[in-house]
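J.: Return atomic coordinates for the entry below.
(one chain, ligands or ions: 2)
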Amino acid sequence: MLARVRSGLLGGTFDPPHIAHLLAGEVAYRQLGLDRVVFIPAGSPWQKAGRKVSSAHHRWVMSHLAVDGVDYFEADEREVHRDGWTYTADTLDSFDPAEELVLILGADAARGLPTWDRSADVLARAQVAVVPRPGVDRSEVDSLVKVERWLDMPALPLSGTLIRQRAAAGLGIRFLVTEQVYQYLDEQKLYRS
Ligand code: ATP
Ligand code: MG
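T.: Ligands and ions are numbered 1, 2, ... in the order given. Predicted coordinates for the structure are as follows:
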């Protein structure tokens, strides 16, 4: 019998995808013995209603560029083309039932999981692996969510928000994203104020 494919899913707005996302994927791949890590940019992230998010097209292109060159990373466009808000429960349903799925979440995202649409279905379909995030208390997450595994990752006080702000202020963001993502941001003049 063939072993089941074990995939880690790392979803996000990816506005832009940055090195903490890639490192989270890397430590999950190593520490969980995954076959692949799938980066899934959200179409219309319902939790970001109210703030201006770069177009799905830009975020998809950047996600694609960010994983380039790593053969066990891929970018997946299934959410980008979905109409309406994006729900993780629907995304998990769209994977082959024979595949084993692990959701890779930063601690802030994990903390919010109980409020997600159909969160019980999400937890029934996927295991949850969490990477620490500066400012989020681990015991708080554990009290709210059944975490299968805490991954070992050095804390990186980095976020898309910080990168957008730094870019707008001209403070320098090179090396906080991959070189290809940096070149794309530069060419497209994203986040310039
Ligand atoms: P924004 O500031 O726009 O929310 P972000 O950096 O939080 O950007 P998201 O696309 O919202 O990025 O997050 C995608 C996933 O990556 C989430 O699970 C989030 O918790 C995780 N993540 C993002 N940055 C970090 C980080 N520095 N350390 C650990 N996890 C992170
Ligand atoms: Mg975020």
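J.: Give the closest residue to the closest residue to ligand 1 within the chain in space, chain neighbours not counted.
T.: Nearest residue of the chain to ligand 1: Gly106, at 1.9 Å (CB to the nearest ligand atom). Where you see a C-beta, it was placed from the backbone N, CA and C, and this is true even at glycine. Using CB to CB, 6 or more residues apart in numbering and skipping the chain neighbours, the partner closest in space to Gly106 is Arg133 (4.4 Å).
J.: And that neighbour, how close does it get to Trp150?
T.: Taking CB to CB, to the nearest Å as the measure, Arg133 falls 11 Å from Trp150.
J.: Compare the two (neighbour count), which wins?
T.: Applying other CB atoms under 10 Å to Arg133 and Trp150 shows that Arg133 carries more neighbours, namely 23 against 16.
J.: Just the pLDDT at that one, thanks.
T.: Per-residue confidence at Arg133 stands at 97 (pLDDT).
J.: And for the one 10 residues further on?
T.: We note a pLDDT of 97 for Ser143 in this prediction.
J.: Show me what from the protein comes close to ligand 1.
T.: Taking CB under 6 Å from any ligand atom as the criterion, the chain approaches ligand 1 at residues 12-15, 20-21, 24, 105-106, 108-109, 131, 133, 156, 158-161.
J.: ok, back up a step: for the residue of the chain closest to ligand 1, what are its contacts?
T.: By CB atoms under 8 Å, 6 or more residues apart in numbering, Gly106 lies in contact with 20, 24, 130-131, 133, 136.
J.: Mind checking which of the residues you listed land in helices?
T.: Taking DSSP state H as the definition of helices, the contacts of Gly106 contribute 20, 24.
J.: Distance to Trp60 added to the contacts of Gly106, as CSV?
T.: Shown next, in CSV, are the contacts of Gly106 (distance: CB to CB, whole Å):
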residue, distance to Trp60
Ala20, 19
Ala24, 19
Val130, 25
Val131, 23
Arg133, 24
Val136, 27
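J.: Would you map the helices across this protein?
T.: 19-32, 56-66, 88-93, 107-112, 119-125, 138-144, 160-169, 179-188.
J.: Same list, those helices, but as a markdown table with distance to Asp76 please.
T.: Output for these, formatted as a markdown table (distance: least, CB to CB, whole Å):
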| stretch | distance to Asp76 |
| --- | --- |
| helix 19-32 | 12 |
| helix 56-66 | 8 |
| helix 88-93 | 9 |
| helix 107-112 | 17 |
| helix 119-125 | 16 |
| helix 138-144 | 26 |
| helix 160-169 | 19 |
| helix 179-188 | 17 |
